[in-house]
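Enquirer: Predicted structure and sequence below. I'll ask about it afterward.
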Amino acid sequence: MTPPAPRLPEFPWDTLADQAARARRHEGGLVDLSVGTPVDPVPAVVREALASVADQPGYPATHGTPALREATVAALARRFGVTGLAADAVLPTIGSKELVAWLPTLLGVRPGQVVAIPELAYPTYEVGARLVGAEVVRLAVGEAPPEGTALVWLNSPSNPTGRVLSRDALVAAVEAARRVGAVVASDECYLSLGWEVEPVSVLHPSVSGGRLDGLLAVHSLSKSSNLAGYRAGFVTGDPSLVAGLLHVRKHAGMIVPRPVQAAMTAALADDEHVAAQKALYAARRDRLRPALEAAGFKVDHSEAGLYLWTTRGEDAWETVGWFAERGILVAPGTFYGPGGGQHVRVALTASDERVAAAVERLR
Ligand SMILES: Cc1ncc(COP(=O)(O)O)c(C=O)c1O
């Protein structure tokens, strides 16, 4: 028997410990721009909803409450123009990371089949593939998946690059996946954070052509509603795929706690806090980006999402060290794939005060 742990790489963030210690020694304290973890308060409307269902001795439904599923369908229609979704085809997840890590397992991807991921990608796509013994292939934008591909991950806006796939690029990616019979899982956790362009969902009729077969969209409330601490996400799309996921998750006890279901329902019903949070990130981005450029960095892509993908043409770890010397922690691009060797990822998720400190130190 081979336990899965040996098939997994070292946890990337553990390798940042020395640089974090170095950055922490700065007299003005650490500015942590390495992890995209929200720092602003959980919206009051969401906290109230959570507290309102504290007395819940019974098991919650794996499928979520009907109110949660309906609020999800309504939010996707209102916020992103996604139409034609049935409420039954919504499945809440315990944050989206667990779904990302377990999706190949839940879909029944077999050892030796291919899981295609973006050239520069959130590391958990690869982790999920490794957990089932699948082969990982990294695809550049526009590159078609090879025969034998069971699952294609898309991520627009991208973590780490902030790159947004155009409608045409999404259509082409869906067609290419369908040609080899692969499921498309589109990780859309940054969809509400478009700065220079408006990102499009894979479920938008202009992309799906009104056909949901083989399509899944993975969403998270962590960033849009500051709910990373609650663990709140969902997957939706092809009703038969979602039914299959629900079946396994019911058996496996992968259930979102009932108070969190209520919190998600409230968050999905309210767009005001999403807009307010987006404005906070926009203001931080407007300060950090010129400060980086004035310090000699080039910012690539980054037209949406929570990160600035930046380089000054040297090894990523050297750049991480340069920032750490100034008390700023950033993530090396190598966390996201070999193609990230000369970039670092700078998160917008710090308080206004910490962002101001970073800007000052970059001067
Ligand atoms: C691309 C991407 N997908 C999924 C996640 C997981 O988010 P969560 O588990 O908080 O929903 C993250 C978190 O940073 C991410 O960047």
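Expert: That came through, no problem. Numbers count the residues shown, from 1 in each chain.

Enquirer: The ligand contacts on the protein?
Expert: 36, 95-97, 100, 122, 155, 159, 187, 189, 220, 222, 228, 233 (CB under 6 Å from any ligand atom). C-beta coordinates here come from the backbone N, C-alpha and C atoms, glycine included.

Enquirer: what's stretch 300-314 in contact with?
Expert: 36, 157-164, 190, 193-197, 199, 223, 281, 285, 288-289, 292, 296-299, 319, 333, 342-349 (CB atoms under 8 Å, 6 or more residues apart in numbering).

Enquirer: All the strands of the stretch 201-350 of the chain, in order from the start?
Expert: Assigned by DSSP state E, counting those that start in this stretch, the stretch 201-350 of the chain shows strands spanning 215-220, 233-237, 298-300, 307-311, 328-329, 331-332, 344-347.

Enquirer: Make JSON lines out of these and add mean neighbour count and mean pLDDT.
Expert: Below are the strands of the stretch 201-350 of the chain laid out as JSON lines (neighbours: other CB atoms under 10 Å; pLDDT from 0 to 100):
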{"stretch": "strand 215-220", "mean neighbour count": "25", "mean pLDDT": "98"}
{"stretch": "strand 233-237", "mean neighbour count": "26", "mean pLDDT": "98"}
{"stretch": "strand 298-300", "mean neighbour count": "15", "mean pLDDT": "98"}
{"stretch": "strand 307-311", "mean neighbour count": "24", "mean pLDDT": "98"}
{"stretch": "strand 328-329", "mean neighbour count": "24", "mean pLDDT": "98"}
{"stretch": "strand 331-332", "mean neighbour count": "26", "mean pLDDT": "98"}
{"stretch": "strand 344-347", "mean neighbour count": "27", "mean pLDDT": "98"}
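
Enquirer: hang on, the earlier thing: buried ones from the contacts of stretch 300-314, can you make that a ChimeraX selection?
Expert: Here is the ChimeraX command that selects only those of the contacts of stretch 300-314 that count as buried (16 or more other CB atoms under 10 Å):
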select :36,157,158,159,160,161,162,163,164,190,193,194,195,199,223,281,285,288,289,292,297,299,319,333,342,343,344,345,346,347,348,349
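
Enquirer: Out of the contacts of stretch 300-314, name the ones that lie in helices.
Expert: Secondary structure from DSSP state H places 281, 285, 288-289, 292, 319 of the contacts of stretch 300-314 in helices.

Enquirer: and which of those residues is nearest the ligand?
Expert: Of all those, the one with the least separation from the ligand (CB to the nearest ligand atom) is residue 281, at 13.8 Å.

Enquirer: who's in contact with that closest one?
Expert: For residue 281, counting by CB under 8 Å, 6+ apart, the contacting residues are 193, 306, 348-349.

Enquirer: one more time with 10 Å
Expert: 38, 40, 193, 195, 223, 305-306, 347-349 (CB atoms under 10 Å, 6 or more residues apart in numbering).

Enquirer: What residues are bridge-paired with residue 235?
Expert: Beta-bridge partners of residue 235, counted by DSSP bridges, are residue 91, residue 218.

Enquirer: what residues are up against it?
Expert: Listed by CB under 10 Å, 6+ apart, the contact set of residue 235 reads 89-93, 96, 99-100, 103, 106, 185, 187, 216-219, 241-242, 245-246, 249.

Enquirer: could you redo the last one with a cut-off of 6 Å?
Expert: Neighbour list for residue 235: 91, 93, 99, 216, 218 [criterion: CB atoms under 6 Å, 6 or more residues apart in numbering].

Enquirer: do you know how far it is from residue 186?
Expert: Distance of residue 235 to residue 186, given as CB to CB, to the nearest Å: 10 Å.

Enquirer: what do you get for residue 125?
Expert: Separation of residue 125 from residue 186 (CB to CB): 12 Å.
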